[in-house]
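J.: I would like the atomic coordinates for the input below:
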Amino acid sequence: MPTFTALTTLSGPDAAEALGEAMERMVPEPDGVGVFELEDGSGLWEVGAYFTAAPDAAALALLATAFGARPFTVSELPETDWVAKVRRELSPVVAGRFFVYGSHDADKVPADVVALHIEASMAFGTGHHGTTQGCLTALDALVEAGVAPERVLDLGCGTAVLAMAAARIWPEAGVLASDIDPVAVEVAEANLAANGLTGAVRCLEAVGLDHPELAAAAPYGLIFANILKGPLVELAPGITAAAAPGGHVILSGILNDQADEVIAAYREAGNDLAERRVIGDWTTLTLTRI
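T.: The predicted structure is shown next:
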């Protein structure tokens, strides 16, 4: 079955969200619509959709005009078994003591590692991205330093690979994982089951820190937030307030040239920078709550 994409950019979150909602009412109906802020400092937002039938070019042109967007770029994607392709191309990831692998590499797991099983079909982070690797290596450094938090929060958890890593290291700690996307929460729970960690991590659907269970469990000795620069800066006061004095915050999803802005926001909120780690284009920060 062919798959078509239609992509455009425009200024401002309100217009982008409105365009995304309008696209959901198109005929043929898209299989999915996404609205994202471009992390290049341009202030532009990308709106895109997937279709299993060729989208109506005239309708797209009208929508672009109505919402002040650039003309849509429509592409037909080649038919590809993406799960099989990913399984062929993704090798296990080693990040300190952590070993992230798919079932196709189960025979390669060493005996002396903390193994985390993430399937290629499980979206939202397989451990191969520089942001996730940075968080895992930052976590490994905290473990080496003797850190042992009583409560851990994985904010914007995706697959919950970071929450699972914490639960493996500190089985007595209370570990929570939250995500704005209900599908991500389902994926996280499936991953916990696949790793024999059902019940070791509490998964919640939540926007930022806006959930009574997240508030009730604070303060946290360790908070992960592997999201994007914009939300990280916006959440700096809330994340800091939720961290225990002397506790740690591991942040990623930050392009290297965005790191100084994030550091400044968290210093202003009441944190000291403990470590700055760069993997490729991405920076991971470890901070300590003052």
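J.: hey, let's count contacts and neighbours off CA atoms from now on
T.: Noted.
J.: Report the secondary structure state of residue 36.
T.: strand (DSSP: H, G, I helix; E, B strand; the rest coil).
J.: Test my guess that it contacts residue 47.
T.: Yes: here residue 36 lies in contact with residue 47, judged by C-alpha atoms under 8 Å, at a distance of 6.6 Å.
J.: Looking at these two, which is more packed in?
T.: residue 47 (23 against 14; other C-alpha atoms under 10 Å).
J.: continuing past the helix or strand harbouring that one, what's the next helix or strand?
T.: Using DSSP states H and E, residue 47 maps to strand 44-51. Reading on from strand 44-51 to the C-terminus, the next helix or strand found by DSSP H and E is helix 57-66.
J.: name the helices or strands packed onto the next helix or strand after that following helix?
T.: From helix 57-66 onward toward the C-terminus, using DSSP H and E, the following helix or strand is strand 73-77. Identification of packing neighbours for strand 73-77 by 3 or more C-alpha pairs under 8 Å, 6 or more residues apart in numbering; DSSP states H and E yields strand 3-11.
J.: Report the angle between the strand it packs on and strand 73-77.
T.: 150 degrees (axes from the mean of the first three to the mean of the last three C-alpha atoms, to 10 degrees).
J.: Can you name the next helix or strand after strand 3-11?
T.: Following strand 3-11 in sequence, per DSSP H and E, is helix 13-23.
J.: Any chance you could list what contacts that following helix?
T.: 10, 29-30, 33-35, 37, 45-49, 63, 67 (C-alpha atoms under 8 Å, 6 or more residues apart in numbering).
J.: Let's see the pLDDT reported for the closest residue to residue 279 other than its chain neighbours.
T.: Nearest non-adjacent residue to residue 279, counting by C-alpha to C-alpha, 6 or more residues apart in numbering: residue 130, 5.4 Å away. Looking at residue 130, its pLDDT is 82.
J.: Select the longest strand from this structure.
T.: Of all the segments of type strand in the chain, defined by DSSP state E, the longest one is strand 243-255.
J.: Now do the next helix or strand after it against strand 243-255, angle only.
T.: Downstream of strand 243-255, the next assigned helix or strand under DSSP H and E is helix 259-269. Angle of helix 259-269 versus strand 243-255, following the same axes, to 10 degrees, is 160 degrees.
J.: Listing request: residues of the stretch 51-200 of the chain with sub-threshold pLDDT.
T.: Applying pLDDT under 70 to the stretch 51-200 of the chain flags residues 80-90, 120-128.
J.: ok, back up a step: just the contacts of helix 13-23: which has the poorest pLDDT?
T.: Ranking the contacts of helix 13-23 by pLDDT, residue 37 lands last with 86.
J.: Run through the residues that contact that residue.
T.: 13, 43-46.
J.: what's the spacing between it and residue 216?
T.: With the distance defined as C-alpha to C-alpha, to the nearest Å, residue 37 ends up 31 Å from residue 216.
J.: ok so, going back, what residues does the strand holding residue 47 touch?
T.: Counting by C-alpha under 8 Å, 6+ apart, 3-13, 16, 19-20, 23, 28-38 sit against strand 44-51.
J.: distance between stretch 259-279 and the chain's centre?
T.: 19 Å (C-alpha atoms, centre = their mean, to the nearest Å).
J.: Same check on stretch 37-52?
T.: 17 Å.
J.: Only the buried residues of it, if you could.
T.: Going by neighbour count (16 or more other C-alpha atoms under 10 Å), the buried part of stretch 37-52 is 37, 44-51.
J.: same question, stretch 168-186
T.: 168, 170, 173-180, 184-186.
J.: List just the nearest of those to residue 142.
T.: residue 170 (12.0 Å; C-alpha to C-alpha).
J.: Residue 202 reaches residue 179, doesn't it?
T.: No: using C-alpha under 8 Å, residue 202 is not in contact with residue 179, being 11.5 Å away.
J.: quick one: residue 273 from residue 9, how far?
T.: Relative to residue 9, and taking C-alpha to C-alpha, residue 273 is found at 35 Å.
J.: if you count what's nearby, which of those two comes out ahead?
T.: Comparing residue 273 with residue 9 by other C-alpha under 10 Å, the one with more neighbours is residue 9, at 22 against 16.
J.: And the closest residue to that one other than its chain neighbours, how close does it get to residue 281?
T.: Excluding its sequence neighbours, the residue lying closest to residue 9 (C-alpha to C-alpha, 6+ apart) is residue 46, at 4.4 Å. Using C-alpha to C-alpha, residue 46 is found at 21 Å from residue 281.
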